[in-house]
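Participant: Provide a 3D model corresponding to the input given below.
(one chain, ligands or ions: 2)
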Amino acid sequence: MTRKIILDLDTGIDDALAIAYALGSPELDLIGITATYGNVLVEQSVRNSLAVLEILGRTDVPVFIGVSHSRTADSFTPARISALVHGGNGIGEVEIPDARRVAERRSAVDFIIESVHRYGEDLIYIPTGASTNIVAAFEKDPTIMDVMGPIVMMGGALTVEGNVNRWTEANISQDPEAADLLFRSGIEVIMVGLDVTHQTLLTKAGTSTWRDSGTEAGRFYADMTDYYIDFETRAVDIAGCALHDPLAVAVAVDPSLVTLLPINMRVDLEGPTRGRTIGDLAGLANPVKTVGAAVEVDAERFLEEFMTRVGSVLT
Ligand code: BDR
Ligand code: CA
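Facilitator: Residues are numbered from 1 along each chain as shown. Ligands and ions are numbered 1, 2, ... in the order given. A predicted model of the protein is given here:
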């Protein structure tokens with residue numbers, strides 16, 4: 001059976017890799033991309049998703065514009081580090097044409113609400129940026145919380161340090177209040193955080209196979225991803241780039257790639273640890289655990305799946 005999915009992206013290099021992973025997975029039917037902010041402004045996220053889909057020949061996948069900033073801020077400006085990791089344009093400073101189409105008129109929030117009502121538990125929502133859109137959808141139509149399927153999110157760090165600071169992972173840092181509401185909503189959330197994504201590294205040996213294929217998509221993805229690999233190997237001192245967002249898609253296809261710790265979670269909202277994802281003391285004794293935090297990953301098997309699935313789309 002194919003599962004319907006929505007990708008909620010701050011497109012971003014690894015977000016673009018997640019699009020390719022989803023399109024290369026016959027088990028998944030990508031019914032739409034909802035745009036959020038984080039690596040880039042929400043408008044640039046829309047632009048990048050549309051442009052990437054055009055290069056991949058998938059102009060049938062609609063893109064919806066989401067909320068532009070968290071409710072605790074008046075606006076959003078990408079952090080300076082984002083341009084170093086993803087390039088100022090979010091796709092490694094590689095120039096690709098704007099898509100010939102534009103985003104849908106309906107908002108991301110309305111599309112999420114309609115899709116949840118239409119597909120119920122058959123829909124998997126996969127956010128790989130801020131949690132702002134889904135919480136806005138909960139607030140606009142709380143009834144979706146009763147019928148929604150699982151959420152597989154990329155974000156957080158439970159057993160390791162953050163990547164914004166020692167406590168905080170980037171996606172949670174964009175809107176800690178929204179992530180906290182999501183964790184404590186009672187909805188099943190699979191948290192694919194830095195605990196596992198930092199174990200999944202892609203090197204230039206992988207991207208060169210895309211470039212060598214000679215396709216436009218292969219060249220673009222190789223050049224874009226090499227920008228990210230160059231940053232990670234230089235600044236983070238790891239042997240490749242972490243495949244954060246594609247791993248969340250992979251877990252939606254095959255949860256056996258990771259080991260989940262059942263836990264009730266919350267997010268620190270005050271003080272220097274603001275944005276930290278941690279077990280919720282208030283839910284500790286509750287036998288019902290709503291979050292599955294990924295703490296182990298079969299990195300070798302995931303990387304094989306990644307190269308096969310992404311390769312099937314790019315080469
Ligand atoms: C997450 O933050 C963003 O920069 C990436 O796209 C990924 O979703 C990693 O912390
Ligand atoms: Ca992302």
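
Participant: So in terms of bridging, what pairs with the closest residue to D122 other than its chain neighbours?
Facilitator: Nearest in space to D122, with sequence neighbours left out and distances taken as CB to CB, 6 or more residues apart in numbering, is K4 at 5.8 Å. Backbone N, C-alpha and C define where each C-beta goes, glycine included. K4 has these beta-bridge partners by DSSP bridges: D29, L123.

Participant: Let me see the contact set for K4.
Facilitator: By CB atoms under 8 Å, 6 or more residues apart in numbering, the contact set of K4 is 28-29, 31, 115, 119, 122-124.

Participant: Pull the most distant pair out of those.
Facilitator: The span of the contacts of K4, defined through CB to CB, is set by L28 and S115 at 14.1 Å.

Participant: Up against ligand 1, what does the stretch 1-150 of the chain have?
Facilitator: By CB under 6 Å from any ligand atom, the residues of the stretch 1-150 of the chain that approach ligand 1 are 12, 14-15, 38-39, 128.

Participant: of the contacts of K4, buried ones?
Facilitator: Those of the contacts of K4 that meet the buried threshold are 28, 31, 115, 119, 123-124, by 16 or more other CB atoms under 10 Å.

Participant: could you pull out the helices for this structure?
Facilitator: All helices of the chain, identified by DSSP state H, fall at 13-23, 42-55, 80-86, 108-119, 132-140, 144-147, 170-174, 176-183, 194-197, 204-212, 216-231, 244-253, 299-314.

Participant: by how many degrees do the second one and helix 132-140 diverge?
Facilitator: Per axes from the mean of the first three to the mean of the last three CA atoms, to 10 degrees, the angle that helix 42-55 makes with helix 132-140 is 110 degrees.

Participant: What are the buried residues along helix 42-55?
Facilitator: Result for helix 42-55 [16+ other CB under 10 Å]: buried residues 42, 44-55.

Participant: Contacts for that helix, please.
Facilitator: Residues outside helix 42-55 that contact it (CB under 8 Å, 6+ apart) are 9-12, 15-16, 19, 33, 35-40, 59, 61, 63, 65-68, 76, 89-91, 96-103, 129, 216-217, 220.

Participant: Put the buried members of those into a PyMOL selection.
Facilitator: A single PyMOL command selects the buried members of the contacts of helix 42-55 (16+ other CB under 10 Å):
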select buried, resi 9+10+11+12+15+16+19+33+35+36+37+38+39+40+61+63+65+66+67+68+76+89+90+91+96+99+103+129+217+220
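
Participant: ok, E95 - contacts?
Facilitator: By CB under 8 Å, 6+ apart, the contact list for E95 reads N89.
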